[in-house]
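Colleague: would you be able to build a 3D model of this:
(2 chains)
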Amino acid sequence: MHNIWITIKKELRTIFRDKKTFIMLFVTPFIIPAMVSLYGVIFEKTDETETYSVGINFEVNEIEENILNELHIETKKYDTLSTLEEEYQDKNIAAYVTKENDKYIIYVDDSTTSGMVISEYLQSYLEQYSTYLTNQYLLEQEVDLEEAYHHFDVEKVALNQNDYALVIILNVIIMYVIMSICIAANNMSMQTSATEKENGTLETILTFPIKKRELIVGKYLATVIVSFLAALVSIFLLVSSLYYASSHIEIFKMMSISFGLKAIISSVLVAFCASLFIAGAALALTATAKTYKEAQSQVSLLNMVTLVPMFVTMTGVSITHLFYAIPICNFVQLLMDIFTNNVEILHLLIVLGTTFIYCIVVITYVLKAYNSEKILFK
Amino acid sequence: MIQVENVSKEFEKKINRREKTTFKANNSISFEANKGEIVGILGPNGAGKTTLLRMIVGIMTPTSGTITIEGLSYKNNMEEIKKKTAFLSGNTKLYKDLSGYELLKMCASYYGVSKEETESRIESIATEFDLLSFLHQKIGDLSTGQMQRINIARCLIHNPEYYIFDEATSGLDIISSKVILDFIKEEKKKKKCILYSTHYMEEAENICDKVVLVHKGKIIKTGTPSSIMKDTKTNNLRDAFFALIGGEVDA
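Modeller: I've put the predicted structure just below:
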């Protein structure tokens, strides 16, 4: 135990004194509030509907004008098709519509986002105007409109208060918590494993009266401590920025996020499990690396794996109990469950149990690697 | 006493993707090193000196043969032996973010030296090796010579009985080399045992009581520098080495 403690102290001192690494470890979590703000800005912008200029070659009546105003479409009248074409080329109008007899033709570039929006708006304008004309005709024929249109009732019940887009946003933000843990664990493991081999200090340490098992446990626990510190900073920033956003940013107001003490304690517990696993995985990945550079390329795999949960959520696969046994994915999903108040004790137990098993497996692997002279010495 | 008996070390080497071959880094090495003796392990680069010393300090395991220190083997008495030995390699870098003082304290705690004893030892070692002016500076900011002095101090912190030096003067300037060589001579006077590997034959000739000449993993001659020179009818160990390998120059 004494040797483990000395090793932990040594590793922590080394990492905390390296200013660059230290800054990187604890600045990374600040991406979380930045992401929350970014989403806020993106969705605020979407709410402010832009007004589009559309060229036409016909007169619009008051009804049409009202519909177009509601759709934020401003019309400019030109007499000929060639003038409309010229104005479009000069970018004075975003699209144009012509009318000959009873036929409307919409000229729009569907390949751009704004073109798609304009196309949709113009079609909506014509559909609404067509409905208006139909209604007028039916009224002239003394048909009860209520009776003509109303055949049945439809009601929608939202099974989950958070819609797909909100789930993705929350998923991406939580993914950054895991990524922060990963960056911390990777840096620490590269330092404790590869740099020691590269500098020859590992050779010196091995001549000390310390068992390899003690050395590895010391290195592992130091990596866990640094990863968990990064996790705590991330969780704090996640909770505080979501709390602020839920009352100040429009898109987050629609989210149903749990901020209770239970949610915070559970999320810290999950973050600790994530630190335990990721620290072990990072140490296992760097155990065979003989240089810092080699270790860097090996841990990049772990960085890539942190993106997997986001893609899994995007595909919309149904989450089974087994999903909570898949490392990385399980931490993200459980954090999602905690913050959306959908957590099940069984899932928490699965995560705790599997993390414990995975940690034993990776530490055994690291021990095996450290027993190999081929891996330890150049 | 360090006793090395019929020690061999084999490594597997890949020839290509499918084939492997066995490479013998050390082949039936036997010698003894007693207290109050400086024993030089001499040979060109690639002769197997580093592998041999790594086995003697217990960080590598021999494929066959036995190594005992004061009759104790690594298999059963790993910690006890390691507390009696100190290893210094010319390639070893130190923790650049620690100060010399912190490094010495850390090493002392690994060796189980009490806090009070550590402080008094650091003080005496720092005075003896003139470390006081840079003891609290970060190792990364020190010169190579200063670093090497801290490295020697690290070896001394637990007052070992056996020193194992692997190319300790390699790449150092004459002043830094002299610090190490003087230290070795001083420790010999204190009846300590020093195993000293080098490829600088002249250096070994001056300080070693006994020399083990190694070539291609095998001992080619053991004895005092003067006896080896006498037997080979040469005037220095360099010529003696060439005489023994019979003009074979591929190391």
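Colleague: what comes into contact with stretch A:52-68?
Modeller: Residues from elsewhere that reach stretch A:52-68 (Cβ atoms under 8 Å, 6 or more residues apart in numbering or on different chains): A:72-81, A:84, A:87-88, A:92-99, A:114, A:117-118, A:121-122, A:125, A:128-129, A:132. C-betas here are computed from N, CA, C, even on glycine.
Colleague: for the chain, which segments count as strands?
Modeller: Since no chain was named, I'll use chain A. Ranges of strands within chain A are A:52-56, A:73-77, A:95-100, A:103-107, based on DSSP state E.
Colleague: wrong chain, I was asking about chain B
Modeller: Counting by DSSP E, the strands of chain B are B:2-14, B:20-33, B:38-42, B:64-69, B:72-73, B:85-89, B:162-166, B:193-198, B:210-215, B:218-223.
Colleague: make TSV out of those and add mean pLDDT and mean neighbour count.
Modeller: Output for the strands of chain B, formatted as TSV (pLDDT from 0 to 100; neighbours: other Cβ atoms under 10 Å in any protein chain shown):
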stretch	mean pLDDT	mean neighbour count
strand B:2-14	87	16
strand B:20-33	87	17
strand B:38-42	91	26
strand B:64-69	91	18
strand B:72-73	87	14
strand B:85-89	88	24
strand B:162-166	90	24
strand B:193-198	89	25
strand B:210-215	90	23
strand B:218-223	90	18
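Colleague: for chain A, which of those strands is the nearest?
Modeller: When those are compared by Cβ to the nearest Cβ, strand B:85-89 sits nearest chain A, at 4.1 Å.
Colleague: how about the strands of chain B in CSV, adding distance to chain A?
Modeller: Formatted as CSV, the entries for the strands of chain B read as follows, by distance: least, Cβ to the nearest Cβ, whole Å:
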stretch, distance to chain A
strand B:2-14, 8
strand B:20-33, 11
strand B:38-42, 17
strand B:64-69, 13
strand B:72-73, 13
strand B:85-89, 4
strand B:162-166, 8
strand B:193-198, 13
strand B:210-215, 18
strand B:218-223, 21
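Colleague: could you dump those strands into a markdown table and include distance to residue A:350?
Modeller: Listed next are the strands of chain B as a markdown table, based on distance: least, Cβ to Cβ, whole Å:
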| stretch | distance to residue A:350 |
| --- | --- |
| strand B:2-14 | 42 |
| strand B:20-33 | 43 |
| strand B:38-42 | 57 |
| strand B:64-69 | 49 |
| strand B:72-73 | 47 |
| strand B:85-89 | 47 |
| strand B:162-166 | 51 |
| strand B:193-198 | 55 |
| strand B:210-215 | 58 |
| strand B:218-223 | 59 |
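Colleague: mind showing which ranges of the stretch 1-150 of chain B have poor pLDDT?
Modeller: Of all residues in the stretch 1-150 of chain B, none has pLDDT under 70.
Colleague: what residues does it have near chain A?
Modeller: Contact residues, the stretch 1-150 of chain B versus chain A (Cβ under 8 Å from any Cβ of the partner chain): B:11-12, B:54, B:57-61, B:78-80, B:82-83, B:85-87, B:89, B:91-95, B:97-98, B:102, B:106-107, B:109-112.
Colleague: stretch A:357-367 vs chain B: in contact?
Modeller: No. Judged by Cβ under 8 Å from any Cβ, stretch A:357-367 stays clear of chain B, getting no closer than 15.6 Å.
Colleague: before we move on, back to that, what remains of the residues of the stretch 1-150 of chain B next to chain A if I keep only buried residues?
Modeller: B:54, B:57-60, B:82-83, B:85-87, B:89, B:92-95, B:97-98, B:102, B:106-107, B:109-111 (16 or more other Cβ atoms under 10 Å in any protein chain shown).
Colleague: in helices, which of these appear?
Modeller: Residues of these located in helices (DSSP state H): B:54, B:82, B:83, B:102, B:106, B:107, B:109, B:110.
Colleague: which helix is the longest one in chain B?
Modeller: Ranked by residue count, the top helix of chain B under DSSP H comes out as helix B:174-189.
Colleague: what mean pLDDT does that helix get?
Modeller: The average of the pLDDT scores along helix B:174-189 is 83.
Colleague: check which helices and strands it is in contact with.
Modeller: strand B:38-42, helix B:144-156, strand B:162-166, strand B:193-198, helix B:201-207 (3 or more Cβ pairs under 8 Å, 6 or more residues apart in numbering or on different chains; DSSP states H and E).
Colleague: now the closest residue to chain B within the stretch 251-378 of chain A, nearest residue through space, not along the chain?
Modeller: Going by Cβ to the nearest Cβ, chain B is nearest to residue A:373 of the stretch 251-378 of chain A, at 5.5 Å. Counting by Cβ to Cβ, 6 or more residues apart in numbering or on different chains, residue A:373 lies nearest to residue B:60, which is 5.5 Å off, once chain neighbours are set aside.
Colleague: which residues touch the one you found?
Modeller: For residue B:60, counting by Cβ under 8 Å, 6+ apart, the contacting residues are A:373, A:377, B:9, B:51, B:54.
Colleague: now those as TSV including distance to residue A:236?
Modeller: Below are these laid out as TSV (distance: Cβ to Cβ, whole Å):
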residue	distance to residue A:236
A:373	44
A:377	43
B:9	53
B:51	51
B:54	47
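Colleague: any idea how far residue A:238 is from residue A:184?
Modeller: 15 Å (Cβ to Cβ, to the nearest Å).
Colleague: which residues of the stretch 51-200 of chain A score low on pLDDT?
Modeller: Those would be A:158-165, if you go by pLDDT under 70 across the stretch 51-200 of chain A.
Colleague: tell me which two of the contacts of residue B:60 sit farthest apart.
Modeller: Using Cβ to Cβ, the contacts of residue B:60 reach their maximum pairwise distance at A:377 and B:9, which is 11.6 Å.
Colleague: mind naming the longest helix for chain A?
Modeller: Chain A, longest helix under DSSP H: helix A:212-248.
Colleague: enumerate the residues of the stretch 201-350 of chain A near chain B.
Modeller: So the stretch 201-350 of chain A meets chain B at A:201, A:203, A:204, A:205, A:206, A:207, A:208, A:209, A:210, A:211 (Cβ under 8 Å from any Cβ).
Colleague: closest one of those residues to residue B:154?
Modeller: Using Cβ to Cβ, residue A:204 comes nearest to residue B:154 of these, at 7.9 Å.
Colleague: could you tell me how many residues sit around that closest one?
Modeller: 24 (other Cβ atoms under 10 Å in any protein chain shown).
Colleague: contacting residues around it?
Modeller: B:87, B:89, B:92, B:154.
Colleague: so for chain A, the centremost residue is which one?
Modeller: residue A:172 (1.1 Å; Cα atoms, centre = their mean).
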